[in-house]
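**Q** my questions are about this predicted structure, shown below with the sequence.
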Amino acid sequence: MNNFFTFQEGTLLILLFTSHLLADFIFATDKNVALRKEGMLKSQAFWLHGLCVLVVTWLINRNSLSWSLLVVIVISHLIIDYLKLLANRKITVTQWKQKELGLFVIDQALHASVLIIVWVYMIDGFSRMQMAVSHFANNYNILLKFLGYLIA
């Protein structure tokens, strides 16, 4: 097995995801989520959630994350959350029966994508990421397992 990333680099990614999970799930109360849905950008809860993302991400990643990357994470988080709120209002359940689940999956996939891009930038790993993707894309066993997960 090839090691495309070091233990320390992997730890950085885990810390980024940990801060996201804490801010988005542990510290986000049902009441605040409801207030964000109702008031959207006018809601104090929406902006407090952004502040929570900022503080939690900074506290957990302060030794490795620059201010500019922290701003990228927070702004993109707020944009993604706003787009989810907007889609939630525009799409009806009759148009998409699995609306809540679908929006949740899309929302989290977008957040994960931002965190992975920031992480790859932090570790200067774009060339290694390309190498890792081509390695996995050319591995028949991995592709079959991935296809199995998609089907299941």
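**A** Arrived safely, thanks for sending. Numbers count the residues shown, from 1 in each chain.

**Q** so which bits of stretch 82-91 are buried?
**A** Buried residues in stretch 82-91, counted by 16 or more other Cβ atoms under 10 Å: 84, 85. Using the backbone N, CA and C atoms, a C-beta is placed for each residue, glycine as well.

**Q** could you number the chain from 626 rather than 1 from now on?
**A** With 626 as the first residue, the last one maps to stretch 707-716.

**Q** tell me how far it is from the chain's mean position?
**A** Stretch 707-716 sits 17 Å away from the centroid of its parent chain (Cα atoms, centre = their mean, to the nearest Å).

**Q** show the average pLDDT along it.
**A** Confidence over stretch 707-716 (mean pLDDT, whole number) is 90.

**Q** okay, that stretch in PDB with CA atoms only?
**A** C-alpha atoms of stretch 707-716 as PDB (Å, rounded to 0.1, in the frame of the first residue of the first chain):
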ATOM      1  CA  TYR A 707     -27.600  29.600   3.000                       C
ATOM      2  CA  LEU A 708     -27.900  27.700  -0.300                       C
ATOM      3  CA  LYS A 709     -29.300  24.700   1.600                       C
ATOM      4  CA  LEU A 710     -31.900  26.900   3.400                       C
ATOM      5  CA  LEU A 711     -32.800  28.500   0.000                       C
ATOM      6  CA  ALA A 712     -33.200  25.100  -1.600                       C
ATOM      7  CA  ASN A 713     -35.300  23.900   1.300                       C
ATOM      8  CA  ARG A 714     -37.700  26.700   0.700                       C
ATOM      9  CA  LYS A 715     -37.900  26.300  -3.100                       C
ATOM     10  CA  ILE A 716     -38.100  22.500  -3.400                       C
END
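
**Q** now do stretch 677-694, average pLDDT.
**A** 95.

**Q** so how far is it off the chain centroid?
**A** Centre-to-centre, stretch 677-694 and its host chain are 14 Å apart (Cα atoms, centre = their mean).

**Q** for stretch 769-777, same thing?
**A** Remark: stretch 769-777 is offset 22 Å from the chain centroid, using Cα atoms, centre = their mean.

**Q** what about the helices in the chain?
**A** 632-646, 655-664, 669-686, 692-715, 724-747, 751-762, 765-776 (DSSP state H).

**Q** please name every helix or strand in contact with the last one.
**A** It stands for helix 765-776. helix 751-762 (3 or more Cβ pairs under 8 Å, 6 or more residues apart in numbering; DSSP states H and E).
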